[in-house]
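J.: structure, please.
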Amino acid sequence: MTDETPAPPEAPSGRSVLVTGGNRGIGRAIAEAFVAQGDRVAVTTRNGGAPDGTLDVRCDVTDPEAVEAAFRTVEEAHGPVEVLVANAGITHDTLLLRMSEEDWSSVIDTNLTGTFRLVKRASKGMLRLKRGRIVLISSVVGMLGSPGQVNYAASKAGLVGMARSMARELGSRGITTNVVAPGYVETDMTGVLTDEQRAAIKQQVPLGRYASPQEVAGAVTWLAGDHAAYVTGAVIPVDGGLGMGH
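T.: Reported below is the predicted structural model:
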């Protein structure tokens with residue numbers, strides 16, 4: 001007689017990765033980089049358009065219930081989130097004296113408070129697993145400041161304090177928390193600048209060019225990989241030397 005006992009199901013390959021705001025620009029490149037590594041990648045979007053090979057999860061990070069629902073969806077499909085990349089963010093640029101309460105609160109609630117909601121929920125599963133990687137996407141603006149971006153700079157600088165506090169709280173459980181701070185990147189957001197504005201920006205950057213989204217993604221996947229297992233509480237600038245590591 002032949003043994004017809006069915007073989008046990010294969011364990012899913014790769015890690016469960018969640019990238020917020022992953023339908024375009026930097027977030028899309030990050031999601032695609034994790035897919036290329038063989039990870040199981042979920043992407044949050046507001047209106048769809050996630051990259052091929054990812055799970056498209058609709059989520060508004062300013063809504064606590066939507067964040068909870070998104071995590072439940074990801075956990076059912078891919079298991080507990082092992083890598084969180086908090087990338088979702090908005091801008092409402094204007095000079096300080098013209099900045100309305102809504103201009104301020106909407107940016108802070110999305111970029112800073114929204115990230116708080118994400119990392120708090122993700123850390124619950126990571127604590128049970130006794131491992132995890134959290135990467136927050138900040139900006140060189142959060143280090144250097146920028147006229148007309150008081151709200152945005154404050155939100156992005158706040159991510160550094162958040163990450164370093166979490167690194168101290170969660171490190172003993174095998175969870176790393178780091179920040180990637182991109183400079184000027186070739187995305188839809190920078191594509192609206194005039195040629196004169198683009199030239200002026202490049203003059204400030206020692207490398208004399210913009211970054212590609214893929215270069216930012218490379219820093220993120222490194223922080224989430226084995227070679228960065230002893231890196232936590234770090235701020236990795238991907239800015240062509242603009243901020244000089246501030």
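J.: contacting residues around stretch 201-215?
T.: Under the contact criterion CB atoms under 8 Å, 6 or more residues apart in numbering, stretch 201-215 has outside partners 25-26, 28-30, 33, 182-187, 190, 193, 198, 238-242. In short, each C-beta sits where N, CA and C put it, glycine included.
J.: one more time with 7 Å, if that's ok
T.: Contacts with stretch 201-215, where a contact means CB atoms under 7 Å, 6 or more residues apart in numbering, come from 25-26, 28-29, 182-187, 190, 238, 240-242.
J.: which parts of stretch 96-112 are buried?
T.: Of all the residues in stretch 96-112, those buried under the rule 16 or more other CB atoms under 10 Å are 99, 103, 104, 106, 107, 108, 109, 110, 111, 112.
J.: the residue nearest to the fifth one when sequence neighbours are not counted: neighbouring residues, count only.
T.: With CB to CB, 6 or more residues apart in numbering as the measure, residue 151 is the residue that lies nearest to residue 107, at 4.1 Å, once sequence neighbours are left out. Burial of residue 151, expressed as a neighbour count using other CB atoms under 10 Å, amounts to 24.
J.: so for the helix or strand hosting residue 151, mean pLDDT?
T.: Assigned by DSSP states H and E, residue 151 falls within helix 150-170. On average, the pLDDT along helix 150-170 is 98.
J.: now stretch 77-88
T.: pLDDT averaged over stretch 77-88 gives 97.
J.: what does stretch 223-239 give?
T.: Mean predicted confidence for stretch 223-239 is 97.
J.: residues contacting residue 236?
T.: Contacts of residue 236 by CB under 7 Å, 6+ apart are 178, 179, 180, 181, 219, 223.
J.: give the next helix or strand downstream of the worst-scoring helix or strand of the chain on mean pLDDT.
T.: Ranked by mean pLDDT, DSSP states H and E, the weakest helix or strand in the chain is helix 188-191, scoring a mean of 67. Of the helices and strands lying after helix 188-191 in sequence (DSSP H and E), the nearest is helix 195-204.
J.: now that following helix: buried residues?
T.: Those would be residue 201, for helix 195-204 by 16+ other CB under 10 Å.
J.: and for stretch 51-70?
T.: So for stretch 51-70, counting by 16+ other CB under 10 Å, buried means 51, 54, 55, 57, 59, 60, 61, 62, 66, 67, 70.
J.: what about the longest strand in this structure?
T.: strand 175-182 (DSSP state E).
J.: what sits up against that strand?
T.: 26, 123, 126, 131-140, 142-143, 159-160, 163, 166-167, 170, 211, 216, 219-220, 223, 231-239, 243.
J.: same deal with stretch 161-169?
T.: With contacts defined as CB under 7 Å, 6+ apart, stretch 161-169 is touched by 115, 116, 119, 134, 136, 176, 177, 178, 179, 232, 233.
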